[in-house]
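*Asks:* here is the input, now give the coordinates:
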Amino acid sequence: MFNAQYFRTFITLVETGSFTETAGRLNMTQPGVSQHIRKLERYLQKSLLTRHGRRFTLTESGRRAYDYALRLFAEHEQFRHSLDDDSLDSGECRIASPSSIGLMLYPFMLGYQQMHAGITVSYHFASNNEIAKDLVAGRYDLGIVTETVKHPKLNYQLWHQEPLCLVVPADFVGTGLSDLLGLGMIHHPNGINNASGLLKANFPDEFRSLDHFPRQGFTNEVSLVLDAVARGLGFCVVSRLILETSPWQRQVRALALSRPVYEHLYLAMPSGVEMPRRYARLLEEFREQRSLVSQ
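*Replies:* Got it, this is the predicted structure:
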């Protein structure tokens, strides 16, 4: 029968090289140590040691059993700590968000994992509606969304806001709404809401509706929308997170506007579930980093 204590005794014996010292460390008798090793060999049906008087060497099976035992207890410790919701430095972080957030948050989380070896990151890119369904199904612990989706089993909390940017080709020389009308708009899933709010706030006397703007294209992958803008095909309105992570930053620019408008980000969690501390600290450090960018 499998007995983890036999493996623990075997690990200690290999590390000390002595039955006597192993007995002392484990508060056992020397015959007790020998009995554990014999029972482990019987369980594995392999000889683990070649004895040379009071000394011994490991057989090939013994070396493999030792490597396995180390992995076994390491995984056990990792699992044990992962059950502790109060741990700041260990456990799995299962998060989902739209790509507009994840393009910057996911690399940040990977850096966080490098600094905290007990943390593992599982990150999923999905739409707001998909995240709501998957949270209820238990596929993630936490969602970060740009819009709330009403559901009796979900709670939402306003977490952070990012400025919206009206992005135009780098060589665009216009400044007014009529210039933007001449350029046309590149759409993406949040494009209409983003653009309507931003243009209404900054051109209150002129802006009526996006219906008047030529539709110059659409992509459901917001991280690629700036490719079209960089080619001079139109303008778009995206979160600053998108602009800062875009490979087309040199080919585009954010048009200077007098009134800032923000995209609100919400934390979504199953109702009645308290957020583990490892999430709270990770998210707070990310928000602090974004605050420094705004200064």
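
*Asks:* which residues of this protein fall in helices?
*Replies:* 4-16, 19-25, 30-44, 60-82, 99-115, 128-136, 177-183, 191-202, 225-230, 240-245, 277-294 (DSSP state H).

*Asks:* from the contact counts, what lies against the last one?
*Replies:* Using 3 or more CB pairs under 8 Å, 6 or more residues apart in numbering; DSSP states H and E as the contact criterion, the neighbours of helix 277-294 among helices and strands are strand 90-97, helix 99-115, strand 154-169. To be clear about C-beta, it is placed using only N, CA and C from the backbone, and glycine gets the same treatment.

*Asks:* now the ones you listed as JSON lines including mean pLDDT?
*Replies:* Output for the helices and strands packed on helix 277-294, formatted as JSON lines (pLDDT from 0 to 100):
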{"stretch": "strand 90-97", "mean pLDDT": "89"}
{"stretch": "helix 99-115", "mean pLDDT": "93"}
{"stretch": "strand 154-169", "mean pLDDT": "95"}
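
*Asks:* with distance to N190 added, can I get these in JSON lines?
*Replies:* Converted to JSON lines, these look like this (distance: least, CB to CB, whole Å):
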{"stretch": "strand 90-97", "distance to N190": "13"}
{"stretch": "helix 99-115", "distance to N190": "7"}
{"stretch": "strand 154-169", "distance to N190": "9"}
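
*Asks:* which stretch among those is buried most, on average?
*Replies:* For the helices and strands packed on helix 277-294, average neighbour numbers computed from mean count of other CB atoms under 10 Å are highest in strand 90-97, which has a mean of 22.

*Asks:* quick one, that strand and helix 60-82 angle?
*Replies:* Between strand 90-97 and helix 60-82, the angle comes out at 60 degrees (axes from the mean of the first three to the mean of the last three CA atoms, to 10 degrees).

*Asks:* report the angle between strand 90-97 and helix 128-136.
*Replies:* Going by the same axes, to 10 degrees, strand 90-97 makes 150 degrees with helix 128-136.

*Asks:* just the C-alphas of strand 90-97, formatted as CSV.
*Replies:* The C-alpha trace of strand 90-97 is given here as CSV (Å, rounded to 0.1, in the frame of the first residue of the first chain):
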residue,chain,number,x,y,z
SER,A,90,1.2,31.1,-3.9
GLY,A,91,-1.7,29.7,-5.8
GLU,A,92,-3.2,29.8,-9.3
CYS,A,93,-4.5,33.0,-10.7
ARG,A,94,-7.3,32.2,-13.2
ILE,A,95,-8.3,35.4,-14.9
ALA,A,96,-10.2,36.3,-18.1
SER,A,97,-10.5,39.7,-19.9
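
*Asks:* what sits against the residue nearest to S61 when sequence neighbours are not counted?
*Replies:* Closest residue in space to S61, ignoring its immediate chain neighbours: K46 at 3.9 Å, by CB to CB, 6 or more residues apart in numbering. K46 is in contact with 59, 61-62, 65, counting by CB atoms under 8 Å, 6 or more residues apart in numbering.

*Asks:* for Q30, state which of the residues you listed is nearest.
*Replies:* For the contacts of K46, the minimum distance to Q30 (CB to CB) is 19.0 Å, reached by G62.

*Asks:* what about that closest one, how many neighbours?
*Replies:* 23 (other CB atoms under 10 Å).

*Asks:* wait, doesn't it sit right on L49?
*Replies:* Yes. Using CB atoms under 8 Å, G62 makes contact with L49 at a distance of 5.8 Å.

*Asks:* what are the bridge partners for the residue nearest in space to the middle of the chain, then?
*Replies:* Of all residues in the chain, the one closest to the mean position by CA atoms, centre = their mean is Y123, 4.3 Å from it. As for beta bridges, Y123 partners with I95 under DSSP bridges.

*Asks:* A96 is in contact with that one, correct?
*Replies:* Yes. The pair Y123 / A96 is scored as a contact, 7.4 Å apart, by CB under 8 Å.
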